[in-house]
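**Student:** Dropping the sequence and predicted coords here.
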Amino acid sequence: MRYPAKFSEDKNGYVQVTFRDIPEAIANGDCEDSAIFLAGEALVCSMKNYLQNKRAVPMPSTLMDGEQIIEIHLQTWSKVLLLNEMIKQNVRAADLARRMNLSPQSVNRIVDISHPTKIETTYEALRALDSQLCLITQPTTPSLTHWQFSREETPFPDQRQRASTDAVNALFRWQNKGGNNNRRLEKFIDEDDKLEAILYSSANDQTAWSDLKLECENLCLRLEKIEEKTQLGR
C-alpha cells in the first residue's frame, strides 16, 4: 500500500517526512534515502498505535503535487485490512480464533502486524469475517523530474571531460541500473559546462534518485533538482 508523503527540511537541516493521512507518523533523516527508510518505520509504528487503541487505520488518499510515495509491505498491509475489519465488526482475537478453529496463540500471531504471516492465512482470517482480500493491478504513477548537472571542483580539471559528457555517461549508467523499472531520459539541454535533463522513473522505484546521485559522485558531478512533476495515467 502506498501513502502520499511530504518531504521538507526541518530547522536542523534534516529531511523531514510527514503524512496527511496519518499525521502522527513523522520521520527525520540526514538524507532523503534515510528519511524514506525511517518514514516507512514511522508509518508502521503509528498504525500499531491506532490498532492498539481500537482505531481503524486511515486509508491512503490521492497523491498530490509535491508529494512522494512511501510504500507499506503487502504482508503488513493485509494485516492492517484484517484488523480494521475486526474493529469495524467489533470482533476480538478470541472470537476470530473460534471462527477459524485455531488456538488463541495462533490468532494472536496473525493479528500482530510485526509477526510474519503468510498472506494466505490473512486471506482465510478475512473470510472468517465474511470479507474477502482482493488484489488488483493498476498502472504505477510515473514521476518526471527536472535535474541540472554541473562540474564539481576537482584537483585535476584538465583530466576531466566536459561536464555534459560525464552527465550523459552518468545518465546511461543510472538507466541501466534500473533493470525493468522503466527509467529513461525524456529530454535534455546540452551546454559546455552543464546538462539539464528531464528524467522518468516509476513511482515504486525506491532507489532511482539515490542511484543517480551515486553515479554523479563517481564522475565528480554536482546534481541539483530543479522541479518535479507527477503525471497520472501516463
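**Tutor:** Looks like it came in fine.

**Student:** Quick check: which element contains the residue nearest the centre of the chain?
**Tutor:** In the chain, the centroid-proximal residue (C-alpha atoms, centre = their mean) is Ile70; its distance is 2.9 Å. Assigned by DSSP states H and E, Ile70 belongs to strand 67-71.

**Student:** next one: that strand to chain centre, how far?
**Tutor:** 5 Å (C-alpha atoms, centre = their mean, to the nearest Å).

**Student:** before we move on, what about stretch 111-119?
**Tutor:** 20 Å.

**Student:** What are the contacting residues of it?
**Tutor:** 44, 47-48, 51, 74-76, 78-80, 82-83, 86, 93, 96, 109-110, 125, 133 (C-beta atoms under 8 Å, 6 or more residues apart in numbering). For the C-beta atoms, the positions are set from N, CA and C on the backbone; glycine is no exception.

**Student:** Determine the longest helix present in the protein.
**Tutor:** Looking across the chain with DSSP state H, the single longest helix is helix 32-52.

**Student:** buried subset of the contacts of stretch 111-119?
**Tutor:** For the contacts of stretch 111-119, a burial check counting by 16 or more other C-beta atoms under 10 Å picks out 44, 47, 51, 76, 78-80, 82-83, 86, 93, 96, 110, 125, 133.

**Student:** ok, Arg99 - contacts?
**Tutor:** Arg99 neighbours (C-beta under 8 Å, 6+ apart): Ala128, Leu129.

**Student:** Tell me how far it lies from Cys134.
**Tutor:** In this structure, Arg99 and Cys134 are 20 Å apart, going by C-beta to C-beta, to the nearest Å.

**Student:** ok so, going back, of the buried ones among the contacts of stretch 111-119, which belong to strands?
**Tutor:** Among these, no residue falls in strands (DSSP state E).

**Student:** Tell me which entries of those residues lie within helices.
**Tutor:** Those of these lying in helices (DSSP H): 44, 47, 51, 76, 78-80, 82-83, 86, 93, 96, 110, 125.

**Student:** May I ask which two of the residues you listed are separated the most?
**Tutor:** Greatest spatial distance among those (C-beta to C-beta): Val44 and Leu96, at 21.5 Å.

**Student:** Would you confirm that Arg20 contacts Pro4?
**Tutor:** Yes. The criterion here is C-beta atoms under 8 Å, and Arg20 meets it with Pro4 at 6.5 Å.
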